[in-house]
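K.L.:
Please work out how this folds:
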Amino acid sequence: MGFMNIVNSLKDRVLKSEFNKSVLVLAGGTAVAQAVPILISPILTRLYTPEDFGAFAIFMSITSIISVIACGKYELAIMLPEKDEDAINVAAVAFLFNVFVSGLFFLFILFFGDWLLDVLNAKNLGWLIYLAPLSVFLLGTFSILNYTNNRFKLYKDISKANIYKSLAGAVVQIGMGFLKYKTTGLVFGYIASQLFSNFKLFKNISKYFSSINYLYIKTMFHKYKNFPIYYVPGALIDTISSNIHFFFISFYFGIKVTGLYFFAYKIVSAPFSLIASAISQVFFREFSFLFQKDLVSARNFLKKTALNLLILSISVNFALIVLIYVFWSFIFGLKWEDSKSIAIILLISYLIRFIVSPISVALVSSNKLNYLLQWQILYFAVEVIFFAVIYIFHISFQDFLLYLIFVEWFIYSVYLIFIFKSVEIKKR
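P.N.:
Reported below is the predicted structural model:
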């Protein structure tokens, strides 16, 4: 009885907080969504080769880089207007940006797609590169729908959309893998997952479309013009910095090593993304409202969240390192043995990223986009210098991974300083 009383007491304390309940709802759906790819990974590693995963990594990296700027970052501004009518028109601005950027990207791939694959040493991706613009459009649309549903506190539906997304991708990838479609199966599953998730979230906001009109769109376009001006360059640099590892590894170490690295990255990032994405979404909303009303409360909320993330990161990190060391080869097969050491090293570098990334949206709420841009430029510069050193001095892949830890810890420590500095400056 004593133990049950403690459990019930903790449960009541957690559920009293609206923030905690929202995080649990999002985390629950995201947990299922993240669990599906992890659970099917032992199947995928026996249906696909490291070379297949390497080509898929290049496809995902290319689409991730373009999709981050596809909406002009107007999707972030959906949370800011007081009126829902204004918010839905901000979403319309973001969608128009998405159509425009996706169209331009299609023209680029049409004329330069083959050249791009030659440069990246990813010729086995082949004709699938021409599906990249479609993927960019779907990713941009999902971002808009996700923030709009978040605006209206439709957390349960966001969770369901993530689950549908994961299940659809898993079914297609496994099915096409058994049919020996190789890289095609991975790419098709990725696109199928985007289609299913968008459909679910689109249904929720279709009733607000009557509020959209040209004059409001034009007004919102100008009102939040700082987002494409200040946020897009930084976001583009940031995403390139996050994905340049795959490009460089493919170019310098080969597509097979890229596949091993990408798979380890995929497995390691899943549990962190599971919690971090849910916390980030709810933190963004709560911190934004606190920042407008009471800076002291907002700053305390930021500190408390960062401390909780530190404790959580250390706990999850330690548990995962033990599990990976003991069970990796048994679960994924001997041909993926080389990716085990990669996974452990990535876990160490992820510890600080997990603390910083969920609370980085505080820079958006505090309107310190210039700080964010400065950090992103620094990140990009450090990464370029890092890869140049690796290339010039012919450093081995294992040493490359070890040096990567120091780079990540340095970069994200600076990021954390910027986040807290932005709140302190606002007070003055």
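K.L.:
Leaving out sequence neighbours, find the closest residue to Phe284.
P.N.:
Setting aside the residues directly before and after it, Phe284 is nearest to Val361 in space (CB to CB, 6 or more residues apart in numbering), at 4.3 Å. In short, each C-beta sits where N, CA and C put it, glycine included.
K.L.:
The one you found - how many residues pack around it?
P.N.:
For Val361, the tally of surrounding residues (other CB atoms under 10 Å) stands at 20.
K.L.:
now do Tyr379
P.N.:
Neighbourhood size, Tyr379 [other CB under 10 Å]: 23.
K.L.:
Helix or strand for Gln292, just tell me which one.
P.N.:
Taking DSSP states H and E as the criterion, the element that holds Gln292 is helix 255-293.
K.L.:
same for that helix, what does it pack against?
P.N.:
Counting by 3 or more CB pairs under 8 Å, 6 or more residues apart in numbering; DSSP states H and E, the packing neighbours recorded for helix 255-293 are helix 18-47, helix 50-70, helix 132-151, helix 232-252, helix 295-332, helix 338-356, helix 362-365, helix 397-427.
K.L.:
Throw these into JSON lines and include mean neighbour count, thanks.
P.N.:
Below are the helices and strands packed on helix 255-293 laid out as JSON lines (neighbours: other CB atoms under 10 Å):
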{"stretch": "helix 18-47", "mean neighbour count": "18"}
{"stretch": "helix 50-70", "mean neighbour count": "24"}
{"stretch": "helix 132-151", "mean neighbour count": "23"}
{"stretch": "helix 232-252", "mean neighbour count": "20"}
{"stretch": "helix 295-332", "mean neighbour count": "15"}
{"stretch": "helix 338-356", "mean neighbour count": "21"}
{"stretch": "helix 362-365", "mean neighbour count": "24"}
{"stretch": "helix 397-427", "mean neighbour count": "16"}
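K.L.:
quick one: stretch 125-139 to chain centroid distance?
P.N.:
Shown here is stretch 125-139, whose average C-alpha point lies 18 Å from the average C-alpha point of the whole chain (CA atoms, centre = their mean, to the nearest Å).
K.L.:
For that stretch, the averaged confidence score.
P.N.:
Within the predicted structure, the mean pLDDT of stretch 125-139 is 95.
K.L.:
what does it rub up against?
P.N.:
Applying CB atoms under 8 Å, 6 or more residues apart in numbering, the set of residues contacting stretch 125-139 from outside is 55, 58-59, 62-64, 66-67, 70, 98-99, 101-103, 105-106, 109-110, 113-114, 116-117, 183-184, 187, 190-191, 194-195, 198.
K.L.:
now stretch 170-180
P.N.:
Applying CB under 8 Å, 6+ apart, the set of residues contacting stretch 170-180 from outside is 36-37, 40, 43-44, 47-48, 184-186, 188-190, 192-193.
K.L.:
hang on, the earlier thing: residues in contact with the residue nearest to Phe284?
P.N.:
Applying CB under 8 Å, 6+ apart to Val361 gives the contacts 280, 283-284, 287.
K.L.:
okay, stretch 275-283 in CSV with CA atoms only?
P.N.:
Extracted in CSV, the C-alpha atoms of stretch 275-283 (Å, rounded to 0.1, in the frame of the first residue of the first chain):
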residue,chain,number,x,y,z
ILE,A,275,10.9,13.3,-25.7
ALA,A,276,12.5,16.4,-27.0
SER,A,277,10.0,17.1,-29.8
ALA,A,278,7.0,16.8,-27.4
ILE,A,279,8.7,19.0,-24.8
SER,A,280,9.7,21.6,-27.4
GLN,A,281,6.2,22.0,-28.8
VAL,A,282,4.6,22.5,-25.4
PHE,A,283,7.5,24.5,-24.0
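K.L.:
Which among the helices and strands packed on helix 255-293 is found nearest to Ile217?
P.N.:
Smallest distance to Ile217 across those (CB to CB): 13.5 Å, for helix 132-151.
K.L.:
and the angle from that closest one to helix 255-293?
P.N.:
Orientation check (axes from the mean of the first three to the mean of the last three CA atoms, to 10 degrees): helix 132-151 against helix 255-293 gives 30 degrees.
K.L.:
Give the next helix or strand downstream of helix 132-151.
P.N.:
On the C-terminal side of helix 132-151, the closest following helix or strand by DSSP H and E is helix 155-178.
K.L.:
pull the CA atoms of that following helix into CSV?
P.N.:
Coordinates of each C-alpha in helix 155-178 appear next as CSV, following Å, rounded to 0.1, in the frame of the first residue of the first chain:
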residue,chain,number,x,y,z
TYR,A,155,-2.4,17.5,-29.0
LYS,A,156,-4.2,14.2,-29.3
ASP,A,157,-4.6,14.6,-33.0
ILE,A,158,-0.9,15.5,-33.4
SER,A,159,-0.1,12.3,-31.6
LYS,A,160,-2.4,10.3,-33.8
ALA,A,161,-0.9,11.9,-37.0
ASN,A,162,2.6,10.9,-35.8
ILE,A,163,1.4,7.3,-35.3
TYR,A,164,-0.2,7.1,-38.7
LYS,A,165,2.9,8.5,-40.2
SER,A,166,5.1,5.9,-38.6
LEU,A,167,2.8,3.0,-39.4
ALA,A,168,2.4,3.9,-43.0
GLY,A,169,6.1,4.2,-43.6
ALA,A,170,6.8,0.9,-41.9
VAL,A,171,4.3,-1.0,-43.9
VAL,A,172,5.5,0.3,-47.2
GLN,A,173,9.2,-0.1,-46.4
ILE,A,174,8.8,-3.7,-45.2
GLY,A,175,6.5,-4.7,-48.0
MET,A,176,8.8,-3.2,-50.7
GLY,A,177,11.8,-4.7,-49.0
PHE,A,178,10.5,-8.2,-49.3
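K.L.:
Mind checking the pLDDT average for that helix?
P.N.:
Looking at helix 155-178 alone, the average pLDDT works out to 89.
K.L.:
For that helix, buried residues please.
P.N.:
Of the residues in helix 155-178, those buried under the neighbour-count criterion (16 or more other CB atoms under 10 Å) are 155, 157-174, 176-177.
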